[in-house]
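**Q** Okay, predicted coordinates and the sequence, questions at the end:
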Amino acid sequence: MTMSKEKTRFVYVTYIRSTPEKVFEALTKPEMTRRYWGHENVSDWKPGSTWEHVRANEQRTVNIVGKVVEASPPSRLVISWASPSEAADPDSYSRVTFEVEPWEDTVRLTVTHDELETGSAMAKGVTQGWPIVLSSLKSLLETGQGIDVFARPKPV
């Protein structure tokens with residue numbers, strides 16, 4: 001008998017001066033994700049298709065893999081999410097839901113990353129990664145320039 005592992009979820013909400021179409025495009029077009037995430041999200045974005053999160057460098061390292069669960073442009077995208085080294089284990093996958101909604105003269109982007117194993121390296125990475133990635137996305141769409149998500153604070 002296997003014990004079920006405790007799961008956790010994280011929800012991030014940001015407001016972006018943009019349109020739902022531009023936000024959705026920024027989530028799914030490799031040439032856009034490269035500019036604010038340093039990775040390309042590669043897929044045809046049809047339900048059931050695979051997707052890869054590919055580092056935009058010479059090595060083209062695949063950092064995350066998954067499947068497209070749901071795609072309803074420009075309002076909703078749901079993907080599964082796993083480390084390539086754990087991709088063979090169905091229990092290793094978490095889920096990311098992007099909800100893109102018009103809100104007054106802006107867009108409300110809600111990112112829910114759930115089905116994460118509590119205390120796992122992936123859960124830790126998610127809590128550190130999503131805030132900078134979403135800040136960079138917002139900056140890119142509002143100013144034309146993303147944040148260097150790989151920059152590390154310099155020691156004092």
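**A** Sure thing, it's come through. Bear in mind that the values here come from a model prediction, so they are computed numbers and not experimental data.

**Q** longest helix of the chain?
**A** With secondary structure taken from DSSP state H, the chain has its longest helix at helix 121-143.

**Q** and that one, what does it pack onto?
**A** strand 7-16, helix 20-28, helix 30-37, strand 106-117 (3 or more Cβ pairs under 8 Å, 6 or more residues apart in numbering; DSSP states H and E). From N, CA and C alone the C-beta is placed, and that goes for glycine too.

**Q** number of nearby residues for residue 18?
**A** 20 (other Cβ atoms under 10 Å).

**Q** Any buried residues in the longest helix of the chain, and which?
**A** Residues of helix 121-143 classed as buried under the neighbour-count rule (16 or more other Cβ atoms under 10 Å) are 122-123, 126, 130, 132-138, 140-141.

**Q** can you list the residues you listed in a markdown table and add distance to residue 20?
**A** Formatted as a markdown table, the buried residues of helix 121-143 follow (distance: Cβ to Cβ, whole Å):
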| residue | distance to residue 20 |
| --- | --- |
| 122 | 28 |
| 123 | 29 |
| 126 | 24 |
| 130 | 20 |
| 132 | 23 |
| 133 | 19 |
| 134 | 16 |
| 135 | 19 |
| 136 | 19 |
| 137 | 14 |
| 138 | 14 |
| 140 | 16 |
| 141 | 11 |
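
**Q** from those, which is closest to residue 27?
**A** residue 137 (7.9 Å; Cβ to Cβ).
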